[in-house]
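[1] Sequence and computational prediction follow.
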Amino acid sequence: MLILASLFVAAFAKTHFTEEFNEGWEDRWVQSNWKDEMSGKFVASPGMWNVDPKVDNGIKTKTDHRFYAISTQFPTVSNKGKDLVLQFTVKHEQFLDCGGGYIKLLKAGFDVNTFGGETPFYIMFGPDICGGEKRTHFLVPYGEENFISKRKFRVESDVFSHQYTAIIHPDSSYEVLIDNIEIASGLIEEAWDILPPQEIKDPDAKKPDDWVDVEFISDPEDAKPAGYDDIPEFIPDDREVKPGDWDDEEDGVWQAPLIENPEYKGDWKPK
């Protein structure tokens, strides 16, 4: 359930967009039908736990196993030379098997009625929980491709409200916060594979004809020790004695049982 969505561009902390889903939110937002009969509709709800049901309103996914998408429009803004802050609050009132809630900063001119997974965006941010895969997604586009962070940002998977914040600074560094506590930060170029590598393999390099792949070879100077083949694998056990009632004429010549020879080293191989 979304409780609050905000967009800040830090120019004296100017708020360019905020939404608390209070009275009249249906007139400000358009619910998408991008999945036809599989599209769900958000409903207003204060949630199971609230202080004031009239004030603590949000929008809630009503039906399981549906795709939800809702959008609104606001004047174009620029974060050139400024910090950009994208923030929203979400609560999963049931433990999720597979689901997620993302906020997207969209490009101008999109179709609000068909807004969905293929709609181009500038930022996609929010928690995703599906089986053993749990992470806070943070996607940014470059050219015609959307890039997901190499680094897996942790996610909250309980049934309480949590505030997710993504910050992009003018120096192309980023921060990710949950409940206003930093969980990750760094340079975008290090956390996302957006830029091509600084060094690549030389396409003109070829393996030399005399290149040897074998790491070890037999030592041609290593020789088999004298008498090596004369060492038997088994020897009589000298701890055994001939039984007192043994009769050589009836029982045959007594021989001690054999045991493994500790001196035997197997077939000889050079080092």
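    Now that the structure is in, tell me what you want to look at.

[2] give me phi/psi at the nearest residue to Asp128 once chain neighbours are set aside?
    Closest residue in space to Asp128, ignoring its immediate chain neighbours: Gly100 at 3.7 Å, by CB to CB, 6 or more residues apart in numbering. In this view, the C-beta of every residue, glycine as well, is placed from N, C-alpha and C. Dihedral angles of Gly100 (phi, psi; degrees, to the nearest 10) stand at phi -160, psi 170.

[3] Could you count how many residues lie near Gly100?
    When neighbours are counted by other CB atoms under 10 Å, Gly100 registers 17.

[4] tell me the contacts of it?
    Residues near Gly100 by CB atoms under 8 Å, 6 or more residues apart in numbering: 126-130, 137.

[5] Closest one to Glu144 out of the residues you listed, please.
    Of all the contacts of Gly100, Glu144 sits closest to His137, with 19.4 Å by CB to CB.

[6] Regarding that closest one, what is its secondary structure?
    Following DSSP: H, G, I helix; E, B strand; the rest coil, His137 is assigned to strand.

[7] so it sits right up against Tyr102, yeah?
    Yes: assessed by CB atoms under 8 Å, His137 is found in contact with Tyr102 at 6.4 Å.

[8] now the helices for the stretch 101-250 of the chain?
    188-191, 248-251 (DSSP state H, counting those that start in this stretch).

[9] So which of these is nearest Ala223?
    Here helix 248-251 is closest among the helices of the stretch 101-250 of the chain (CB to CB), at 44.7 Å.

[10] how far does that closest one sit from the chain's center?
    78 Å (CA atoms, centre = their mean, to the nearest Å).

[11] Go through the next helix or strand after that helix and list whatever outside residues touch any part of it.
    Using DSSP states H and E, the helix or strand that follows helix 248-251 in sequence is strand 258-260. Residues outside strand 258-260 that contact it (CB under 8 Å, 6+ apart): 233-237.

[12] pLDDT and distance to His92 added to those, as CSV?
    Shown next, in CSV, are the contacts of strand 258-260 (pLDDT from 0 to 100; distance: CB to CB, whole Å):
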residue, pLDDT, distance to His92
Glu233, 90, 68
Phe234, 92, 70
Ile235, 91, 73
Pro236, 90, 76
Asp237, 87, 72
